[in-house]
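Peer 1: model this:
(one chain, ligands or ions: 2)
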Amino acid sequence: MAERAARRCCLGWDFSTQQVKVVAVDAELSVFYEDSVQFDRDLVEFGTQGGVHVHKDGLTVTSPVLMWVQALDIILEKMKASGFDFSQVLALSGAGQQHGSVYWKTGASQVLTSLSPDLLLHEQLQACFSISNCPVWMDSSTAAQCRQLEAAVGGAQALSRLTGSRAYERFTGNQIAKIYQQNPEAYSHTERISLVSSFAASLFLGSYSPVDYSDGSGMNLLQIQDKVWSQACLGACAPRLEEKLGRPVPSCSVVGPISSYFVQRYGFPPECKVVAFTGDNPASLAGMRLEEGDIAVSLGTSDTLFLWLQEPTPALEGHIFCNPVDPQHYMALLCFKNGSLMREKIRDESASGSWSEFSKALQSTEMGNGGNLGFYFDVMEITPEIIGRHRFSAENREVLAFPREVEIRALIEGQFMAKKIHAEALGYRVMPKTKILATGGASHNRDILQVLADVFGAPVYIIDTANSACVGSTYRAFHGLAAGTDMPFAEIVKLAPDPRLVATPTPGASQVYEALLQRYAMLEQRILSQTQGPPE
Ligand SMILES: Nc1ncnc2c1ncn2[C@@H]1O[C@H](COP(=O)(O)OP(=O)(O)O)[C@@H](O)[C@H]1O
Ligand SMILES: O=C(CO)[C@@H](O)[C@H](O)COP(=O)(O)O
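Peer 2: Ligands and ions are numbered 1, 2, ... in the order given. So this is what the prediction gives:
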């Protein structure tokens, strides 16, 4: 017990699409506690699938805000029941699925600052939200608002130069514009708008937490070079928006001490610091300790690919965000919507719902899949904008179905070829020293990671946990503790365990995929030209 009491630590949270997760990391940067609450499994009363509700239009996707609050209650109660010693927590930080937004009703701030430690959070926050179902990153219902925003600032390229991205339907500014246009009453009763990340931080803080620069870059509202809200973008989205958003802050800011609610109910020390929460992808960049030239591939609900950038290079595809650990630098991100949920569908259809059957299919098929290629986009993809399943034989003939094993390999090879092609379009090149750092739920699967190594022609590494967003949040919390000392992030994380090599390219892979990548890119263009209408 004495040893346990001496284990000073930081907590890292992740409010992601399908679950809330937490890890505790001690001063030697060892992870010694991990836990999670899964929305579909542990909060069945909310009736989500994959953590969300897809509405009848097939475009609107939301999650109940009170489900997120209750998930936090459950996980904290589990930690308490397991004897977790909250008195040793020096600081905490966290991450949230990006772009999603939370609407606090007028008067909610009063409730947040006077929470009773005798009750759970969700019992006290029931009436605090003007919108109970929050738009999340999977939403693609704001095409009209995107066109309005681009028109207001001089086009897609101009918006990208300003905010790091052209208008994207899931980006928060466009989501806010839709809420203002369709539900002006709820908008006018909203005193504060948070991202999922700053909403979660607000719960710990007992007051509204500011949005950090890095997650704030996913809104189409922040000028990523000047780090201030763009007046032109705010004006194009909704009135009085600046006061509802508050001022954005550097990602490593300490936003305050923990609220007395957590001190009294769980025994956190009153001086425990809350470091600004950020997006799950920026937090993963911190957790994987990305170095220049490396590439991170997150295989969570979404698949994402990200890089560290010295200078911003905004384009019409992909996103540039402020860097979460170095305020002078940036990160590039590509997001693919058809990630784990698409893999689960093909697993259920072609591998009897079993990951081990799925792996066997990858092992029993050859690199290059006999020339068979597939595109699997059951929901409208972000990169590129294609929907539907498209399968091609070695002769580039579209076919309706593949044998089961071929289907599985076509899915995984196709997903990774798309990532390589679109990363190269952003200017990224695999170099001899390139490491691929993999994370997210599917990074548990070595056969999937082998295909990743083969398609990219580079070794794949993992860190000890697939929860890199949580681990990165603890590192950011330690960094926050050193605030004011100018200690660089790299210095803070130098004790962290090195990533582990898990897959190297199979000999001959580069010859196989060189030709296949060219065909994939050509067929992607063919599908795009067939599915998109004539240019406006
Ligand atoms: N062995 C496995 N092989 C492939 N995918 C897996 C495996 N184990 C878990 N997953 C996938 O991981 C996904 C969850 O990933 P995770 O990173 O935890 O999601 P998020 O953070 O977005 O909630 C699940 O939807 C599941 O499909
Ligand atoms: O939209 C994006 C990034 O732009 C997504 O990556 C979300 O941040 C969701 O993350 P996961 O729950 O899939 O990790």
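Peer 1: mind checking the SS state of Thr313?
Peer 2: Following DSSP: H, G, I helix; E, B strand; the rest coil, Thr313 is assigned to coil.
Peer 1: going forward can the numbers begin at 121, since that is how I track them
Peer 2: Yes, from this point I'll number from 121; that puts the last item at Thr433.
Peer 1: where does it land on pLDDT?
Peer 2: For Thr433, the pLDDT comes out at 86.
Peer 1: And Glu656, by the same measure?
Peer 2: Residue-level pLDDT assigned to Glu656 equals 39.
Peer 1: for Arg127, same thing?
Peer 2: Note on Arg127: pLDDT of 89.
Peer 1: My guess is it contacts Leu210. True?
Peer 2: No: assessed by C-beta atoms under 8 Å, Arg127 is found out of contact with Leu210, at 10.8 Å. In this view, the C-beta of every residue, glycine as well, is placed from N, C-alpha and C.
Peer 1: who has more neighbours, these two?
Peer 2: Ranked by neighbour count (other C-beta atoms under 10 Å), Arg127 and Leu210 place Leu210 first, with 18 against 15.
Peer 1: isn't the more buried one right next to Arg128, touching?
Peer 2: Yes: under the criterion of C-beta under 8 Å, Leu210 makes contact with Arg128 at 5.7 Å.
Peer 1: Distance of the residue in the stretch 271-420 of the chain that ligand 1 sits nearest to relative to Lys465?
Peer 2: Closest to ligand 1 within the stretch 271-420 of the chain is Gly420: 3.1 Å, counting by C-beta to the nearest ligand atom. The gap separating Gly420 from Lys465 is 16 Å, by C-beta to C-beta, to the nearest Å.
Peer 1: now swap in Leu239 and tell me
Peer 2: Leu239 is 41 Å from Lys465, by C-beta to C-beta.
Peer 1: Assumed Leu557 was part of a helix.
Peer 2: No: Leu557 is assigned strand when assessed by three-state DSSP, not a helix.
Peer 1: quick one, what contacts it?
Peer 2: Contacts for Leu557 (C-beta atoms under 8 Å, 6 or more residues apart in numbering) come out as Met408, Leu410, Asp414, Ile415, Ala416, Val417, Val580, Tyr581, Ile582, Ile583, Pro619.
Peer 1: Name the nearest residue to the first one, sequence neighbours excluded.
Peer 2: Read that as Met408. Spatial nearest neighbour of Met408, excluding adjacent residues (C-beta to C-beta, 6 or more residues apart in numbering): Leu557 at 4.4 Å.
Peer 1: can you give me the strands in the stretch 121-270 of the chain?
Peer 2: Taking DSSP state E, counting those that start in this stretch as the criterion, the stretch 121-270 of the chain carries its strands at 129-135, 139-146, 151-158, 173-174, 181-184, 209-216, 221-225, 253-255.
Peer 1: Direction included, what does the first one pair against?
Peer 2: Applying DSSP bridges, strand 129-135 is found paired with strand 139-146 (antiparallel), strand 209-216 (parallel).
Peer 1: Pick the most deeply packed of the ones you listed.
Peer 2: The highest average neighbour count among those, using mean count of other C-beta atoms under 10 Å, belongs to strand 209-216 at a mean of 28.
Peer 1: Run the angle between that one and strand 221-225 for me.
Peer 2: 110 degrees (axes from the mean of the first three to the mean of the last three C-alpha atoms, to 10 degrees).
Peer 1: chain center to strand 209-216: distance?
Peer 2: Relative to the chain's own centre, strand 209-216 is displaced by 16 Å; criterion: C-alpha atoms, centre = their mean, to the nearest Å.
Peer 1: quick revisit: which of Gly420 and Lys465 has more neighbours?
Peer 2: Each of Gly420 and Lys465 has its neighbours counted (other C-beta under 10 Å); Gly420 has more, 25 against 15.
Peer 1: That one and Val394, how far apart?
Peer 2: Gly420 sits 24 Å away from Val394, going by C-beta to C-beta.
Peer 1: In this protein, what residue lies closest to ligand 1?
Peer 2: Of all residues in the chain, Gly561 sits closest to ligand 1, at 1.9 Å by C-beta to the nearest ligand atom.
Peer 1: I'd say that residue and Asp423 touch.
Peer 2: No: at 10.7 Å, Gly561 does not count as touching Asp423 under the criterion of C-beta under 8 Å.
Peer 1: Identify the contacts common to these two.
Peer 2: Common neighbours of Gly561 and Asp423 (criterion: C-beta under 8 Å, 6+ apart): Ser460.
Peer 1: sorry, back to before: show me the contacts of Leu557 that map onto strands.
Peer 2: Among those, DSSP state E puts Ile415, Ala416, Val417, Val580, Tyr581, Ile582 in strands.
Peer 1: number of nearby residues for the third one?
Peer 2: Neighbourhood size, Val417 [other C-beta under 10 Å]: 26.
Peer 1: which parts of this protein sit against ligand 1?
Peer 2: 136-139, 420-421, 460, 463-464, 475, 560-562, 564-565, 568 (C-beta under 6 Å from any ligand atom).
Peer 1: which one of the residues you listed is nearest Asn489?
Peer 2: For the residues of the chain next to ligand 1, the residue nearest Asn489 by C-beta to C-beta is Ile568; the value is 14.5 Å.
Peer 1: Now that closest one: which helix or strand?
Peer 2: helix 566-576 (DSSP states H and E).
Peer 1: where does the stretch 121-270 of the chain have low pLDDT?
Peer 2: Low-confidence segments of the stretch 121-270 of the chain (pLDDT under 70): 121-126.
Peer 1: and what of the chain?
Peer 2: Scanning the chain for pLDDT under 70 picks out 121-126, 604, 653-656.
Peer 1: quick check: domain ranges of it?
Peer 2: Following the TED database, the chain resolves into domains at 129-396, 409-655.
Peer 1: out of these, deepest packed?
Peer 2: For the domains of the chain, average neighbour numbers computed from mean count of other C-beta under 10 Å are highest in domain 129-396, which has a mean of 20.
Peer 1: Can stretch 563-582 be said to contact ligand 2?
Peer 2: No: Stretch 563-582 stays clear of ligand 2 (C-beta under 6 Å from any ligand atom), getting no nearer than 11.8 Å.
Peer 1: Can you measure across that stretch, start residue to end residue?
Peer 2: 8 Å (C-alpha to C-alpha, to the nearest Å).
Peer 1: Give me the contacts around it.
Peer 2: Under the contact criterion C-beta under 8 Å, 6+ apart, stretch 563-582 has outside partners 415, 417, 419, 463, 475, 478-479, 482-483, 487, 529, 532-533, 536-537, 539-540, 550, 554-559, 562, 586, 619-626, 629-630, 632-633, 637.
Peer 1: can you tell me how far the residue of the stretch 521-656 of the chain at minimum distance from ligand 2 sits from Tyr496?
Peer 2: In the stretch 521-656 of the chain, the residue that lies nearest ligand 2 is Gly560 (6.4 Å; C-beta to the nearest ligand atom). As judged by C-beta to C-beta, Gly560 and Tyr496 stand 18 Å apart.
Peer 1: I'd say Met199 and Val143 touch.
Peer 2: No: the pair Met199 / Val143 is not scored as a contact, 11.2 Å apart, by C-beta under 8 Å.
Peer 1: shared neighbours, these two?
Peer 2: Shared contacts of Met199 and Val143 (C-beta under 8 Å, 6+ apart): Tyr153.
Peer 1: Does anything pack onto the one helix or strand Ser314 maps to? Which helices or strands?
Peer 2: Secondary structure assigned from DSSP H and E places Ser314 in strand 310-315. Contacting strand 310-315 under the criterion 3 or more C-beta pairs under 8 Å, 6 or more residues apart in numbering; DSSP states H and E are the following elements: strand 221-225, helix 228-233, helix 292-302, helix 361-365.
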